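Q: Structure for the following, please:
(one chain, ligands or ions: 3)
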Amino acid sequence: MHLFDLKYSLPAVLILALALKSGGDPVPQAQVTFQPAAQDTFYVDWEGVAGRTYFMHFSTNLVDWHFAPFIDFGDGAHQRGVHSDSDRFFLRLYYGDFPGINSLDDAMYADFDGDGLSNIFEVTYGYDPFESESTLDGPDAELDPDDDGLDHATELALGTDPMAKDNPMLQLEVTVD
Ligand SMILES: [Ca+2]
Ligand SMILES: [Ca+2]
Ligand SMILES: [Ca+2]
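A: Ligands and ions are numbered 1, 2, ... in the order given. Now for the predicted structure:
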């Protein structure tokens, strides 16, 4: 069971769980179910289909949907724990049977939109793995929200934290007496 926090804050009483298909869908997808686990925490369960890649969308208004920070793959029982302080939020699976994707690693490290950022990087940091320019700020790979001079493509290549100012060039201070 993996837990992720939704970033939005309105108090959690309403979850809508549904499955949204993406692309070809030769095997029907069972709906998502959810059950309360603890205060503001829910288990989200669904039955996977072999070869299928699963993303999850969440929304607080049914208009703006965001990718949850995980990817799942394949058949069997899937479960995620979800916590939110929102008074309502909505979840839906976003899934597809993608050619050449045969494992969770394939799904995580593929770059579905070809923008230079892996799918797992995109969902971890709040970008859309199906859109190369998923915010109004410019191409996803060229963004530098931590303002350390390294864009996301470079941070991914270096393995640095794209949300922390950890450009190694900024961490060396040399003073000359
Ligand atoms: Ca990408
Ligand atoms: Ca993208
Ligand atoms: Ca950066």
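Q: give me the number of residues near the residue of the chain found nearest ligand 2?
A: Ligand 2 sits closest to D140 of the chain, with a gap of 4.0 Å, by Cβ to the ion. Yep, even glycine has a C-beta here, placed from its N, CA and C like the rest. Residues near D140, counting by other Cβ atoms under 10 Å, number 25.
Q: Check the one 5 residues further on too.
A: Applying the criterion other Cβ under 10 Å, we find 13 residues in the vicinity of P145.
Q: What sits closest to it if chain neighbours are left out?
A: Excluding its sequence neighbours, the residue lying closest to P145 (Cβ to Cβ, 6 or more residues apart in numbering) is M163, at 6.5 Å.
Q: Helix, strand or coil: sort out the one you found for me.
A: coil (DSSP: H, G, I helix; E, B strand; the rest coil).
Q: Identify the residues contacting A107.
A: Applying Cβ atoms under 8 Å, 6 or more residues apart in numbering, we find A107 in contact with 53, 71, 73, 98, 101, 119.
Q: okay, who's weakest in these by pLDDT?
A: Lowest pLDDT within those is found at F98 (90).
Q: For it, which non-adjacent residue is closest in space?
A: T53 (5.6 Å).
Q: And for D115?
A: Counting by Cβ to Cβ, 6+ apart, S132 is the residue found nearest to D115 once chain neighbours are left out, at 3.6 Å.
Q: Tally up the residues packed near the one you found, please.
A: For S132, using other Cβ under 10 Å, the count is 18.
Q: likewise the one 4 residues further on?
A: Using other Cβ under 10 Å, L136 has 5 other residues around it.
Q: per-residue confidence at it?
A: Value for L136, per-residue pLDDT: 93.
Q: Give me the secondary structure label for the nearest residue to P36 once chain neighbours are set aside.
A: Among residues not flanking P36 along the chain, F42 sits closest, at 5.7 Å (Cβ to Cβ, 6+ apart). Three-state call for F42 (three-state DSSP): strand.
Q: quick revisit: just checking: which of the contacts of A107 also lie near ligand 1?
A: Taking Cβ under 5 Å from the ion as the test, ligand 1 is in contact with none of the contacts of A107.
Q: Check the spacing between the residue nearest to D115 and ligand 3 real quick.
A: 18 Å (Cβ to the ion, to the nearest Å).
Q: same thing with Q29?
A: Distance from Q29 to ligand 3, counting by Cβ to the ion: 37 Å.
Q: wait, that residue sits on V49?
A: Yes - with contact defined as Cβ atoms under 8 Å, Q29 counts as touching V49 (6.4 Å).
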